[in-house]
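In: coordinates only, sequence not included:
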């Protein structure tokens, strides 16, 4: 009954959201929730791939599928760095001669943002027989609504981003630029003071 109640409040494609759940042994699995809002695409996908393979557990083995269920919400608010929004393209072929298709990341986000995260995660998984089973454990939703409200959900806390220290050459260039800006400001102030003094001298004369 709880599952039906949660499903009735979900406004998306319920058939697609629940597809393949019967083929997953849910006993002992955790339900991890990833909030993609404001997260960088690659960093988020790497954390999802780690959890979906079970690499965060001490019982991890590469020949077993011990990963947890991963629910990703707010996929439409995921971020990318640099110019990837316009420069990154997805390619596929229809099978006919000369029919190589392409779609930019910006167009794919407008069409289906869930597919962007799915492709990023799947391309980080090893190509073996466990790939399809791990794909079924990944549920991605464009908004914050999902039909798994009755499950024991546990939000996943993203690790803090470690920013690399500035290289010495870049640091010296930054210091030079700051000094140059300060000198220009001081020179501008001195020229203004000189003009004011000259104006006063003219008035007194």
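Out: Received the coordinates, thanks. The structure displayed is predicted, hence computed values, not measured ones. Numbering: from 1, shown residues only.
In: For stretch 124-134, which outside residues touch it?
Out: 23, 24, 45, 46, 49, 52, 53, 62, 65, 67, 122, 135 (Cβ atoms under 8 Å, 6 or more residues apart in numbering). Quick note: C-beta positions are derived from backbone N, CA and C, even for glycine.
In: Looking at the residues you listed, which two lie furthest apart in space?
Out: The largest separation in those, counting by Cβ to Cβ, is between 23 and 46 at 25.9 Å.
In: The two: which is more packed in?
Out: Between residue 23 and residue 46, residue 46 has the larger neighbour count (other Cβ atoms under 10 Å), namely 13 against 9.
In: Doesn't the more buried one lie inside a strand?
Out: No: using DSSP: H, G, I helix; E, B strand; the rest coil, the assignment for residue 46 is helix, not a strand.
In: Can you pull out the low-pLDDT segments for this structure?
Out: The model of the chain has pLDDT under 70 over residues 1-8, 163-164, 189-205.
In: can you pull out the strands in it?
Out: 31-35, 69-73, 89-93, 100-104, 138-140, 153-155 (DSSP state E).
In: Can you add mean neighbour count and give these back as JSON lines?
Out: Formatted as JSON lines, the strands of the chain follow (neighbours: other Cβ atoms under 10 Å):
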{"stretch": "strand 31-35", "mean neighbour count": "19"}
{"stretch": "strand 69-73", "mean neighbour count": "23"}
{"stretch": "strand 89-93", "mean neighbour count": "11"}
{"stretch": "strand 100-104", "mean neighbour count": "12"}
{"stretch": "strand 138-140", "mean neighbour count": "23"}
{"stretch": "strand 153-155", "mean neighbour count": "13"}
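In: Tabulate those (CSV), appending distance to residue 115.
Out: Listed next are the strands of the chain as CSV, based on distance: least, Cβ to Cβ, whole Å:
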stretch, distance to residue 115
strand 31-35, 16
strand 69-73, 12
strand 89-93, 9
strand 100-104, 10
strand 138-140, 8
strand 153-155, 23
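In: Tell me which of these sits nearest to residue 15.
Out: Across those, residue 15 has its closest neighbour in strand 138-140 (12.9 Å, Cβ to Cβ).
In: Neighbouring strands - and their directions - for that closest one?
Out: Using DSSP bridges, strand 138-140 pairs in its sheet with strand 69-73 (parallel).
In: about what we covered before: and of the strands of the chain, who's closest to residue 118?
Out: Proximity to residue 118, assessed across those by Cβ to Cβ, is greatest for strand 138-140 (5.9 Å).
In: Not counting that closest one itself, show me its contacts.
Out: 17, 48, 52, 69-72, 75, 114, 117-118, 121, 146, 148.
In: In those, find the pair that's most separated.
Out: Within those, 121 and 148 form the most distant pair, 17.9 Å apart (Cβ to Cβ).
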